[in-house]
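# Build the 3D model from these lines:
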Amino acid sequence: MFEENFLSLKALVFYLTYPLLWLVSILPFPVIYGISNFIYYIVYHLIGYRKKVVRKNLLLCFPTKSESERLQIEKDFYRHFCDLFLEIIKSLSMSAETMKRRFKIINPEKITEMEQHGKSIIFMAGHHANYEWMTSFQLGPTTREGFGVYKRIRNPYFDKLIRDIRGKFFIELIDKNEISKLMQKNCDENALVNYGMIADQAPRHTKKAYWGKFMGIDTPMFVGSEIFAKRFDFGLAFIHVRKVKRGYYEAEFKEISMNPKAFKNFEITDMYFQCIEKEIRESPALYFWTHNRWKHI
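The predicted structure is shown next:
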């Protein structure tokens, strides 16, 4: 009885929230960013959402920058953070044409080149710029089926919403606990597919984790992408995303390796984090600083 009531409460929350989200999604982009400006004032100046975490992270990663420089990165981050939140909602009603105009792949030939090796590919990325719109790369030159790895949301209604938003451009979300079975199944069936993984957050079991350097700091790291690539002989690539201007992004695909077994353990993981670090140093305000990435330090 309790579980049924709890599920009903989750459904009520969803059905009360969804119409508002849809109404926001159909607003023009200038209005969307006007709302974002208002939310920024509330989140940053009134609530101060996770400011302590953001400031701790920025101090750890940029110890040589002045306090005023870090403060500017902080403010720019919160502005981008609010934009990202609204852009995710906007995705509900965005057409494929609008998405391709606002999230451009600048080297689509690289995807074709890597796929010619006849291997499935893991496309890795960081929580940088608009990582939510990266699922739209399936609108590019590839004809392969695409799967994105994610962590299931406890509310099943919002979980379905997120899967629908991220999956509307031909990519299917797979829970992180189910991805290994899917990869094995696809390999058994000789299916060549694309997988998307973002693995730059903190692993739960830090004592068992591999610790490498990230932003010059000893950091526990997820190594699942490297393990899967070696086990199934997948190719590996990185999606480097830049923010051109408000609401417009460019993605560049960079090959990590089409022969992962040639690398020593954790070399590929180190290369992945080096790619993310390069993004951060280029545009520090676009990283997801509210996540307590270095909580074990």
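# switch to C-alpha atoms for all contacts and neighbour counts from now on
Noted.
# State the distance from the closest residue to residue 247 other than its chain neighbours to residue 88.
Spatially, and ignoring its direct neighbours in sequence, residue 247 is nearest to residue 102 (6.5 Å; C-alpha to C-alpha, 6 or more residues apart in numbering). As judged by C-alpha to C-alpha, to the nearest Å, residue 102 and residue 88 stand 13 Å apart.
# thinking again about what came up before, can you tell me the number of residues neighbouring the residue nearest to residue 247?
By other C-alpha atoms under 10 Å, 17 other residues sit near residue 102.
# again with the one 3 residues further on
Under the neighbour criterion other C-alpha under 10 Å, residue 105 is assigned a count of 25.
# Relative to residue 134, how far out is it?
For residue 105, the distance to residue 134 - C-alpha to C-alpha - is 10 Å.
# In stretch 77-91, which residues are buried?
77-84, 86-91 (16 or more other C-alpha atoms under 10 Å).
# now do stretch 155-165
Buried, per 16+ other C-alpha under 10 Å, within stretch 155-165: 155, 157, 158, 161, 162, 163, 164, 165.
# Repeat that for stretch 284-297.
For stretch 284-297, the neighbour count (16+ other C-alpha under 10 Å) marks 284, 285, 286, 287, 288, 289, 290, 292, 293, 294 as buried.
# what about stretch 227-235, distance to the chain center?
21 Å (C-alpha atoms, centre = their mean, to the nearest Å).
# How much space separates residue 109 from residue 141?
8 Å.
# same deal with residue 32?
On the measure of C-alpha to C-alpha, residue 32 and residue 141 end up 30 Å apart.
# Could you pull out the helices in this protein for me?
Secondary structure of the chain (DSSP state H): helices at 2-25, 29-40, 51-61, 67-90, 96-102, 108-115, 156-167, 179-188, 224-232, 267-282.
# Need those in JSON lines (columns: distance to residue 250).
As requested, these are exported to JSON lines (distance: least, C-alpha to C-alpha, whole Å):
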{"stretch": "helix 2-25", "distance to residue 250": "22"}
{"stretch": "helix 29-40", "distance to residue 250": "18"}
{"stretch": "helix 51-61", "distance to residue 250": "25"}
{"stretch": "helix 67-90", "distance to residue 250": "15"}
{"stretch": "helix 96-102", "distance to residue 250": "8"}
{"stretch": "helix 108-115", "distance to residue 250": "11"}
{"stretch": "helix 156-167", "distance to residue 250": "18"}
{"stretch": "helix 179-188", "distance to residue 250": "28"}
{"stretch": "helix 224-232", "distance to residue 250": "24"}
{"stretch": "helix 267-282", "distance to residue 250": "13"}
